[in-house]
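J.: pasting a predicted model and its sequence here:
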Amino acid sequence: MTTAIKKPSRFQFLWLLALIAATVYILSHKTQPAYHSIEGKIFGTLYSITYQYNDDLKPDIEQELNRLDASLSPFNKESIITKVNNNEGVKTDTFFQKVFRCSMEISAKTDGAFDITVAPLVNAWNFGFKKETWPTQKMIDSLLQITGYRKVIMRNDSVIKQDPRIMITCSAVAKGYASDIIGELLDKKGIKNYMINIGGEVVVKGKNPKQEFWHIGINKPIDDSLAVNQEIQTILKLTDAGIATSGNYRNYYYKDGQKYTHTIDPHTGYPVTHNLLSATVIAQDCMIADALATAFMVMGFDKAKAFANTHPNIAVYLIYSDPNKELRNWYTENMENYLTDKN
């Protein structure tokens with residue numbers, strides 16, 4: 001004797017399919033890792049990192065940051081860059097080599113507006129890792145003789161200087177590079193969503209905890225040496241990119257009624273005095289964005305604008321003062337993809 005097997009009805013089939021889909025949805029959302037946020041200090045500045053992952057990665061991140069500090073920090077007496085500046089004949093590591101080569105490329109592209117040999121001039125104006133007496137014209141002329149990116153080369157993993165008095169600073173690119181390196185670390189962990197902020201130089205990937213693109217604010221360039229004023233000029237929404245801002249509204253001082261900013265023009269040896277107040281650059285990696293933002297602050301508004309218009313692989317937002325000292329902005333056409341309000 002045989003028993004007929006009853007075929008499921010269309011309603012039962014659809015109900016079962018819906019139940020499976022709902023189960024998969026619930027399980028997948030239940031197993032989504034939480035977002036973690038950590039903070040700390042590197043290169044004499046603060047960092048904050050938010051990422052979506054099951055584990056606490058602060059020990060891994062700080063281990064990588066310590067390696068970077070041991071390579072690129074002029075405030076670390078045992079770092080590679082300190083030994084290079086002290087002419088100790090040290091072999092450089094891959095961190096230093098990548099930053100050095102990128103710096104040379106950006107220097108060439110910007111006609112020397114970006115220049116890592118500007119360290120003695122930065123120190124002379126009391127913005128660097130060594131404090132000096134007030135510079136005279138004779139001192140500036142002397143320091144210009146040992147300034148210029150073409151006066152240093154990399155050979156067999158060692159830095160060769162034309163003059164032993166030449167000193168290097170990576171402060172205008174190290175934070176951006178550090179953000180890139182931590183991004184690579186998180187990528188290796190399979191992390192899809194993160195935001196890395198090291199001293200204001202930012203790398204973002206994926207989405208924020210609200211499942212939106214990351215929101216990054218550009219500060220209004222109001223003189224504020226204590227970083228108390230956090231008024232926002234505009235907010236950008238972006239992902240999978242590096243972004244850096246350079247400006248003269250935080251690191252400056254007054255002497256005899258004259259404002260001196262930390263951006264030193266390697267061609268003149270003096271702090272810049274033009275009307276460009278802030279330069280923000282979005283690029284594929286933060287090291288390049290960091291270097292170009294600094295270069296633009298040396299160039300001034302007109303030259304920075306001309307450079308930005310001929311390099312469509314970057315997006316640029318400039319804030320400057322008009323003849324009436326009113327704040328104005330200019331941005332490249334592709335920056336419109338990131339602006340939340342086009343003011």
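T.: Noted; the coordinates are in hand.

J.: how many neighbours does Met195 have?
T.: Each residue near Met195 was counted by other CB atoms under 10 Å, and the total is 24. Using the backbone N, CA and C atoms, a C-beta is placed for each residue, glycine as well.

J.: what do you get for Ile168?
T.: Neighbours of Ile168 (other CB under 10 Å): 24.

J.: next: Leu327.
T.: The tally of other residues near Leu327 (other CB under 10 Å) stands at 14.

J.: just give the nearest non-adjacent residue to Ser321, would you?
T.: Excluding the flanking residues, the one nearest Ser321 by CB to CB, 6 or more residues apart in numbering is Asn275, at 4.7 Å.

J.: Met167 now?
T.: Using CB to CB, 6+ apart, the closest residue to Met167 is Ala119 (4.0 Å).

J.: the one you found: which element?
T.: Per DSSP states H and E, Ala119 falls inside helix 119-124.

J.: residue boundaries of the strands in the stretch 151-300 of the chain?
T.: With DSSP state E, counting those that start in this stretch as the criterion, the stretch 151-300 of the chain has strands at 152-155, 158-161, 194-198, 201-205, 214-219, 232-238, 241-247, 252-255, 258-261, 276-283.

J.: which of those strands comes out lowest on mean pLDDT?
T.: When these are ranked by mean pLDDT, strand 252-255 comes last with a mean of 61.

J.: right, and Asn208 touches Ile216 too?
T.: No: the pair Asn208 / Ile216 is not scored as a contact, 10.4 Å apart, by CB atoms under 8 Å.

J.: of these two, which one has the most company?
T.: Taking neighbours as other CB under 10 Å, Asn208 and Ile216 compare with Ile216 leading, 21 against 18.

J.: distance of the more buried one from Ile235?
T.: Distance of Ile216 to Ile235, given as CB to CB, to the nearest Å: 7 Å.

J.: show me the shaky parts of the stretch 101-250 of the chain.
T.: Residue ranges of the stretch 101-250 of the chain with pLDDT under 70: 128-132, 223-229, 249-250.

J.: between the strands of the stretch 151-300 of the chain, which gets nearest to Ile81?
T.: For Ile81, the closest of the strands of the stretch 151-300 of the chain is strand 158-161, at 9.2 Å, according to CB to CB.

J.: adjacent strands (with direction) for that closest one?
T.: Applying DSSP bridges to the sheet, strand 158-161 is found paired with strand 152-155 (antiparallel).
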